[in-house]
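Trainee: Okay, sequence plus prediction incoming.
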Amino acid sequence: MIVDSIHPILGFELNNSNSQELDLSEGKLKDLGIDSGDNDQLSDYIFNGKVRYGGYGEQRDIYKRGSQFEESANRREIHLGLDIWSPKGTALFCPWNGIVRSCHNNDRFADYGPTLIIEHNFDELKIYMLLGHLGEECLTRWKTGQSIEAGDRIASIGSEDENGGWPPHVHIQLIRDLEGCFNDYPGVCTKAEWPRMRKNCPDPSSYFVPSN
C-alpha cells in the first residue's frame, strides 16, 4: 500500500527517543517469569515512560485468558495487528481521510471493547483500519457512514474497565477484505491460518512506528 502522507495516530511522530519496541511473545514472557494473565505484571513490564509498540505476527499466550480464542484443537495465538501501548485517555487521531464503517462495543472479557472500523480509499485501493480497545466515548461520537478527515480526533485509549480487560493500548489492524464481518474482525489467528491472514491483514508498522 502506497500513500502520500499520514497524520500521526497519537498526534506526534514516534521516534527512537520517545518510543520503544515491545516483545510480548510467549517465549519472552516465559523467560522473564511474567504471568501473561496478570495485568499488574504485564503493566510493570510494558510501561516504562515511553510509548511501546509492536506485536504484528507475534505468537502470544496472553489470549489464554479468553475462551473466544479457542477453535477446536487450534488456539488462535498469532497477532494480526500492531499494538501501541500508552496510558488510558491518550488521544487518537485519524491517519487518513475515511468513512466510518462501524463503531461498536465488543464487550466480552478479553475482546476488543469499543471498536472503530474506518474505510480508507487510495486511488483504486480500498483498505479498512480497525482500532480496538478504545475509550467508550467513541461509541456516541461516530455513526456508520460519517466522514472523517486526516487529523481528526477519533477516540482515546480505553481503560481496563472498558477495553476488554487489557492494559491500556490501541490495536491497529489493516484489512483488505472484511469477509462479511461488520462490527469486528479477527485480530488473532491460528498458525494454520497465518499464511492466508497475513495477506488479508498487511503489517501496519511502517505507517505508524519507527523502522528499526
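Mentor: Okay, I see it.

Trainee: Which strand or helix spans the most centrally placed residue in the chain?
Mentor: With distances taken as Cα atoms, centre = their mean, residue 171 lies nearest the centre of the chain, 1.0 Å away. When elements are assigned from DSSP states H and E, residue 171 belongs to strand 169-175.

Trainee: now that strand, how far from the centre of its chain.
Mentor: Between the centre of strand 169-175 and the centre of its host chain there is 3 Å, according to Cα atoms, centre = their mean, to the nearest Å.

Trainee: mean confidence score for whichever helix or strand comes after it?
Mentor: As assigned by DSSP H and E, the chain's next helix or strand after strand 169-175 is strand 188-189. Model confidence over strand 188-189, given as mean pLDDT, is 96.

Trainee: Strand 188-189 - contacts with which helices or strands?
Mentor: The criterion is 3 or more Cβ pairs under 8 Å, 6 or more residues apart in numbering; DSSP states H and E, and the helices and strands that strand 188-189 contacts are strand 78-79. C-beta coordinates here come from the backbone N, C-alpha and C atoms, glycine included.

Trainee: pretty sure residue 15 is touching residue 210, no?
Mentor: Yes: using Cβ atoms under 8 Å, residue 15 and residue 210 qualify as a contacting pair, with a distance of 5.7 Å.
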